[in-house]
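Q: coords please:
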Amino acid sequence: MMSLDSITLYLVATMVAALLGAMMVFFGKQENSPALKWWGTAYLLGAASVALWTAAGETLGPHLYLALNAVGFVACGMVWNAARVFHGRKPNWPGLVLGALAWVAAVTLLDPTASMLRMIIGAGIVSVYAAVTASELWVERRKSLQRRWPAFVVPVMHGCVLMLPILIGSFLRPYDAGFSSSIWVTVFAVELVLYAVGTVFVIFMLVSERTVTAHRTAASTDPLTGMLNRRGFSEACGRVIDREAKAGRPVTVMIFDIDHFKSINDRFGHPAGDEMLKLFSTVVVSNLRISDLSGRIGGEEFAALLPCSLEEGVLVAERVREAFETSGVVVDEGPVDTTVSIGVAGGPAGTELEVLLASADTALYQAKRGGRNRVEAAEELPLSLENWRRQSAARVGAPQARPVTA
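A: Below is the predicted model of the structure:
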């Protein structure tokens, strides 16, 4: 009766694995995800080999029996390689078949009566694959431990369940055949179902996490320059300002406006204007530190936030202005002037982003009035945003301020 129950459990486990594998292959094709295709194919191969082995193991010839077991180990290698592909790494082809080759060598070289030793070797191979899969999923964790721990725990637990009878067996010599065939066969069957379901849960958790991250990145990134857009810049600056405020450090904001950008579009066309914007974004990023933030907040207008004093910010702004001026853009019609006007404003710890941008925008207006291609530092922060907006609207011929809002 126990034998029938164990066979039933294994068949149920393989059907569950096959269904999950087909689902992952389907979604892998729908989402064009190579990793999902790898995982799904591994499940289908593993389910097919275990099902045939369970249903007709005693009637299979030795060669077919050996081949079915080898396919099962290849499936384990595919699960590991799926984790590699998911993180953008190339498949490890030798590692894919190494477990199967080790199993074939063990069966060929060992005494045919050493069934327990073969079981130990097989469990050890699967456990090694489970361990390297867990390691692959853990090494490139991008989220907090609360979000990533299932990706590590599920394959580790799978390997531990497989290795447990080997560890216990060292204290139970000679091996108790009844113990092995009754308790552990049932445990393995139940664990196989739980592992299949748990692994798919982890896989879709990781895929969902990556999809959400990609959408969030797209929503906060300017597609032309690759810099943060208005929304992304505002959100990122808010986090930096809060961090610097806790440490009591000042921050500096600068606004860049490419001079005569409309005339560049009119004279050379919009493709040339787009190239100019991409060039300027490269100049800005190249001249800022990794801890500084920069973004395109509209048209030809860019902004940056630096965790430093106003004096240091002015030096950085001047470096950006000089680098852009000497970039030397030439089109078919001749050289193109590449100059930028920059307004810089600094404030004490905890100063709001809108206040800093309002002050930097006023300084930018002064730079343009002073002849363009220059850096102007704000003398003081506005007393209130409302007053600044009224003053800005009252300027005759002045560029309209575009403060970033959270």
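
Q: in this structure, where is pLDDT below threshold?
A: 1-7, 9-10, 54, 57-58, 139-193, 195-196, 209-218, 330-334, 381-406 (pLDDT under 70).

Q: what about the helices in it?
A: Counting by DSSP state H, the chain has helices at residues 2-30, 34-56, 62-86, 93-109, 115-139, 145-169, 177-179, 185-219, 230-247, 261-268, 270-287, 310-325, 353-369, 385-394.

Q: elements contacting the fourth one?
A: Where contact means 3 or more CB pairs under 8 Å, 6 or more residues apart in numbering; DSSP states H and E, helix 93-109 is packed against helix 62-86, helix 115-139. The way it works is simple: take the backbone N, C-alpha and C, and place the C-beta from them, glycine included.

Q: could you export that helix as PDB, keeping only the C-alpha atoms?
A: Presented in PDB, the C-alpha positions along helix 93-109 are these (Å, rounded to 0.1, in the frame of the first residue of the first chain):
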ATOM      1  CA  TRP A  93      27.300  24.600 -20.900                       C
ATOM      2  CA  PRO A  94      29.900  22.300 -19.200                       C
ATOM      3  CA  GLY A  95      28.100  22.700 -15.900                       C
ATOM      4  CA  LEU A  96      24.800  21.900 -17.500                       C
ATOM      5  CA  VAL A  97      25.900  18.300 -18.300                       C
ATOM      6  CA  LEU A  98      28.500  17.800 -15.600                       C
ATOM      7  CA  GLY A  99      26.000  16.300 -13.100                       C
ATOM      8  CA  ALA A 100      24.600  13.900 -15.700                       C
ATOM      9  CA  LEU A 101      28.200  12.800 -16.700                       C
ATOM     10  CA  ALA A 102      29.100  12.300 -13.100                       C
ATOM     11  CA  TRP A 103      26.000  10.100 -12.600                       C
ATOM     12  CA  VAL A 104      26.700   8.000 -15.700                       C
ATOM     13  CA  ALA A 105      30.300   7.500 -14.600                       C
ATOM     14  CA  ALA A 106      29.200   6.500 -11.100                       C
ATOM     15  CA  VAL A 107      26.600   3.900 -12.400                       C
ATOM     16  CA  THR A 108      29.100   2.500 -14.900                       C
ATOM     17  CA  LEU A 109      32.000   2.200 -12.500                       C
END
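
Q: who's in contact with that helix?
A: The contact list for helix 93-109, computed with CB atoms under 8 Å, 6 or more residues apart in numbering, reads 66, 69-71, 73-74, 76-78, 80-81, 118, 121-122, 125-126, 128-129, 132.

Q: deepest-packed of the helices of the chain, please.
A: Mean neighbour count, computed with mean count of other CB atoms under 10 Å, is highest for helix 353-369 among the helices of the chain, reaching a mean of 23.

Q: got the angle between that one and helix 310-325?
A: Calculated by axes from the mean of the first three to the mean of the last three CA atoms, to 10 degrees, helix 353-369 forms an angle of 50 degrees with helix 310-325.

Q: and helix 353-369, what does it pack onto?
A: Using 3+ CB pairs under 8 Å, 6+ apart as the contact criterion, the elements in contact with helix 353-369 are helix 230-247, strand 251-258, strand 301-306, strand 340-347, strand 375-377, helix 385-394.

Q: of all these, which one comes closest to residue 353?
A: Nearest of those to residue 353, taken as CB to CB: helix 230-247 at 5.0 Å.

Q: tell me what the closest one is packed against?
A: With contacts taken as 3+ CB pairs under 8 Å, 6+ apart, helix 230-247 sits against strand 251-258, strand 293-298, strand 301-306, helix 353-369.

Q: could I get it in CSV with only the CA atoms?
A: What follows is helix 230-247 as a C-alpha-only set of coordinates in CSV (Å, rounded to 0.1, in the frame of the first residue of the first chain):
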residue,chain,number,x,y,z
ARG,A,230,11.4,65.9,-14.0
ARG,A,231,9.6,63.4,-11.8
GLY,A,232,12.6,61.2,-11.3
PHE,A,233,14.9,64.1,-10.5
SER,A,234,12.4,65.5,-7.9
GLU,A,235,12.0,62.1,-6.2
ALA,A,236,15.7,61.5,-6.1
CYS,A,237,16.5,65.0,-4.8
GLY,A,238,14.0,64.6,-2.0
ARG,A,239,15.8,61.6,-0.7
VAL,A,240,19.2,63.2,-1.0
ILE,A,241,18.0,66.4,0.7
ASP,A,242,16.5,64.4,3.6
ARG,A,243,19.8,62.4,4.0
GLU,A,244,22.0,65.5,4.0
ALA,A,245,19.6,67.3,6.4
LYS,A,246,20.1,64.5,9.0
ALA,A,247,23.8,65.0,8.7
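
Q: much appreciated, bye for now.
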